[in-house]
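Visitor: 3D, please:
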Amino acid sequence: MAPRVTITKALAQYLVQVDMPTFTPGVSELELNFSYKLSRLYDKPTEVDGWQTRGISGDKEYQLTMTPEGRSIALYTINIDSKLIPLSATITGQKANVKLRLDKDISLPVDHAALEKAISYKGKTIEI
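Guide: Model (predicted):
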């Protein structure tokens with residue numbers, strides 16, 4: 001039920017495809033957090049400062065299409081400013097975290113920590 005994310009490298013860009021069970025324009029919201037990992041190109045590759053988010057563009061706009069089966073597909077075109085990547089480094093990893101808000105009450109993936117908190121129902125508190 002949670003959105004599935006696929007990242008594909010295309011020349012100097014990354015295409016991030018988000019496959020969702022449903023999406024209602026004007027009601028649903030989609031949030032993407034894209035990051036990348038750098039490694040230095042020495043004799044032995046060395047990771048640089050963990051996950052990076054600097055210089056990313058295209059993570060706020062997406063094209064929405066529907067499959068014949070009724071699933072929604074959002075396609076992001078991500079660019080990373082090459083001026084921010086040192087000549088002695090290369091991008092060795094990418095990740096995309098997605099949050100889909102179907103409406104004001106339901107978000108995917110489900111925040112299980114939030115479900116463990118008390119819920120108020122008709123003035124009574126119920127522990128889950």
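Visitor: could you list the low-confidence segments of this protein?
Guide: 1, 43-46, 106-128 (pLDDT under 70).
Visitor: so where do the helices sit in it?
Guide: Remark: helices assigned in the chain by DSSP state H are 112-115.
Visitor: can you pull the contacts of the closest residue to V48 other than its chain neighbours?
Guide: Leaving aside its chain neighbours, V48 sits nearest to L38 (4.1 Å; criterion: CB to CB, 6 or more residues apart in numbering). Using the backbone N, CA and C atoms, a C-beta is placed for each residue, glycine as well. Contact partners of L38, counting by CB atoms under 8 Å, 6 or more residues apart in numbering, are 47-49, 52, 85-86, 89-92.
Visitor: now P25: how far from T67?
Guide: P25 sits 16 Å away from T67, going by CB to CB, to the nearest Å.
Visitor: kindly apply the preceding question to V5 instead.
Guide: Distance, V5 to T67, by CB to CB: 16 Å.
Visitor: quick one: which of those two has more around it?
Guide: Shown here are V5 and T67; by other CB atoms under 10 Å, V5 has more neighbours (18 against 9).
Visitor: that one contacts V16, correct?
Guide: Yes: counting by CB atoms under 8 Å, V5 touches V16, with 6.5 Å between them.
Visitor: what touches both of these two?
Guide: A96.
Visitor: who does A74 form a beta bridge with?
Guide: V18, L64 (DSSP bridges).
Visitor: who's in contact with it?
Guide: Neighbour list for A74: 17-18, 20, 23, 30, 62-64 [criterion: CB under 8 Å, 6+ apart].
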